[in-house]
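> Sequence unavailable; structure follows:
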């Protein structure tokens, strides 16, 4: 019997982002990969949008050049970041991402998303 994989905070966030699009009636491809794109956290074909999801642990590993390459392919790039890192994300991703969207957890553990902003 295979060992069960522990769900990470990143996985939980990817699923929450995907669900928000599904509820709005969009087809969604979480953990999407196509030739030359690398692994993308969420792809929404009808909007030609990808969403990269970051946690406090993954924020420092954002590949800005990869995000620029995705935009050059005609994809809209959104980056979901922890609320305390929104200011740093605006500085880092200006001219790279189309939107930055903060996220946070409520006291009871629910994930919430803020308004998307242009960096």
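Thanks, I have the structure now. Computed from a prediction, not measured in an experiment: that's the story for all the values here.

> List the beta-bridge partners for residue 117.
Beta-bridge partners of residue 117, counted by DSSP bridges, are residue 100.

> doesn't residue 90 make contact with it?
Yes - with contact defined as CB atoms under 8 Å, residue 117 reaches residue 90; the gap is 7.4 Å. C-beta coordinates here come from the backbone N, C-alpha and C atoms, glycine included.

> Around residue 39, how many other residues sit close by?
9 (other CB atoms under 10 Å).

> strand partners of the helix or strand hosting it, parallel vs antiparallel please.
Here residue 39 sits within strand 38-44, counting by DSSP states H and E. Paired strands of strand 38-44, with direction, are strand 29-34 (antiparallel), strand 49-53 (antiparallel) (DSSP bridges).

> Phi and psi next, for residue 83.
Main-chain torsions, residue 83, degrees, to the nearest 10: phi -50, psi -40.

> returning to that earlier point: any residues in contact with both of residue 117 and residue 90?
Taking CB atoms under 8 Å, 6 or more residues apart in numbering as the contact rule, residue 117 and residue 90 both touch residue 100.

> tell me which residues in the worst-scoring helix or strand of the chain on mean pLDDT are buried?
Lowest on mean pLDDT, DSSP states H and E among the helices and strands of the chain sits strand 29-34, with a mean of 88. For strand 29-34, burial by neighbour count (16 or more other CB atoms under 10 Å) applies to 29-30, 32.
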